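[1] Return a 3D structure for these sequence lines:
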Amino acid sequence: MNKDFYVNHQIVFLDYLQKEKNFSPHTLRAYRSDLRLFFSFLSDRKIDAVDHSAITQFLAALYRYGLDRRSIARKLSTLKSFFKVLVKLHHTNDNPAALVRSPKTKKHLPGFLTFSQIEEGLTIDDPRDRAIIEVLYSCGLRASELVGLNLTDIDLDRQDVRVRGKGSKERIVPIGAIARQAIRHYLESRSSSSTALFVNLRGGRLTTRSLQRIVRKYLIRVARIAGTNPHILRHTFATHLLERGADLRAVQELLGHSSLSTVQIYTHLTTKRLKEIYRQAHPRAE
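    Residues are numbered from 1 along each chain as shown. Here you go, the predicted model:
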């Protein structure tokens, strides 16, 4: 198939991701940027046929430009998704990226906070900010899931939270006593009539950008810059559960991951931690 056909079908792909998969604006921008880069490359090289060769040439150029393997793998993943969706929607029968291998990347072990860091980081006077960080740590939520919570999603009597995850998939997660107490304290001090659980100073729903600033404000006291993103609390939630004997599949359900393999990375993390403890504690470890 020629390049112009695919260029003209970008909107079909992006509309599908937005309407059917409920992808965030940030994710859609990333997909759009990757596709724009690919088609610009084809135009610059005067490549009209979009096939296996065109895609491998594109990846080779990215290597030469110095992109890391993880970034290249993500761009290839965008192309694979693009062609797969067009086939699914019967716009074409061809998927030129189907047989292109993704570059091998090193497994990235997510960082996490120790329990003492959590206790220190949660020394917060502001009721809303305290409730936000307590809920992130208690429920293991993504940033988008937290800002998407409504008042009706929290059931303090049943001690659970209804969460809308990726692809509009809903799950129910338990919420701990300290987080419930923090929410009660926050709601008593709140005056907004918004249906959103967490609101900004103007009374509107909190944004993910504002959430990132709030989390960094408190975690910067106990962690380096890399450890002050809201996602660090999700990693910490999973790691602390596994370190205390939680079942891997249970953690998978709590995190809202569709694949168990996505959660297995945490087992590497906890094994590494156990080895450190062993080396420090066992008299014949060294």
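[2] I figured L62 was touching R74, is that so?
    No: using C-beta atoms under 8 Å, L62 is not in contact with R74, being 10.5 Å away. C-beta coordinates here come from the backbone N, C-alpha and C atoms, glycine included.
[3] Compare those two (neighbour count), which wins?
    Shown here are L62 and R74; by other C-beta atoms under 10 Å, L62 has more neighbours (20 against 16).
[4] Surely the more buried one is in a strand?
    No: the assignment for L62 by DSSP: H, G, I helix; E, B strand; the rest coil gives helix, which leaves it out of any strand.
[5] quick one, what contacts it?
    The contact partners of L62, taken as C-beta atoms under 8 Å, 6 or more residues apart in numbering, are S71, I72, K75.
[6] The residues you listed into TSV, with extra columns for neighbour count, distance to L122 and secondary structure?
    Below are the contacts of L62 laid out as TSV (neighbours: other C-beta atoms under 10 Å; distance: C-beta to C-beta, whole Å; DSSP: H, G, I helix; E, B strand; the rest coil):
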residue	neighbour count	distance to L122	secondary structure
S71	14	34	helix
I72	20	39	helix
K75	21	38	helix
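[7] Looking at those, which is nearest R202?
    S71 (36.8 Å; C-beta to C-beta).
[8] so what's the closest one up against?
    L62 are the contacts of S71 under C-beta under 8 Å, 6+ apart.
[9] try V147
    With C-beta under 8 Å, 6+ apart, V147 has these contacts: A196, F198, R205, L206, T207, T208, L211.
[10] repeat that for 6 Å
    Applying C-beta atoms under 6 Å, 6 or more residues apart in numbering to V147 gives the contacts L206, T208, L211.
[11] Show me the protein divided up by domain.
    3-88, 115-280 (automatic domain parsing).
[12] Phi first, then psi, for the nearest residue to R205 once chain neighbours are set aside.
    Of all residues not flanking R205 in the chain, A196 sits nearest, at 3.8 Å (C-beta to C-beta, 6 or more residues apart in numbering). The phi/psi pair for A196 (degrees, to the nearest 10) reads phi -70, psi 150.
[13] burial of A196, as a residue count?
    17.
[14] State the pLDDT value of it.
    Listed pLDDT for A196 reads 96.
[15] Settle this for me: it is touching T207, isn't it.
    No: counting by C-beta atoms under 6 Å, T207 is not a contact partner of A196; they are 10.6 Å apart.
[16] How many neighbouring residues does V163 have?
    Neighbour tally, V163, other C-beta under 10 Å: 21.
[17] how about it, secondary structure?
    Secondary structure, three-state DSSP: V163 is strand.
[18] what's across from it in the sheet?
    The partner list for V163 in beta bridges (DSSP bridges) reads R171.
[19] hang on, it packs against G148?
    No: the pair V163 and G148 does not pass the contact test of C-beta under 6 Å, sitting 8.1 Å apart.
[20] The spatially closest residue to G256 that is not a sequence neighbour and R279, how far apart?
    Of all residues not flanking G256 in the chain, G165 sits nearest, at 4.0 Å (C-beta to C-beta, 6+ apart). Computed as C-beta to C-beta, to the nearest Å, the G165 to R279 distance reads 38 Å.
[21] between these two, which one's more packed in?
    Ranked by neighbour count (other C-beta under 10 Å), G165 and R279 place G165 first, with 19 against 10.
[22] Many thanks, we can stop here.
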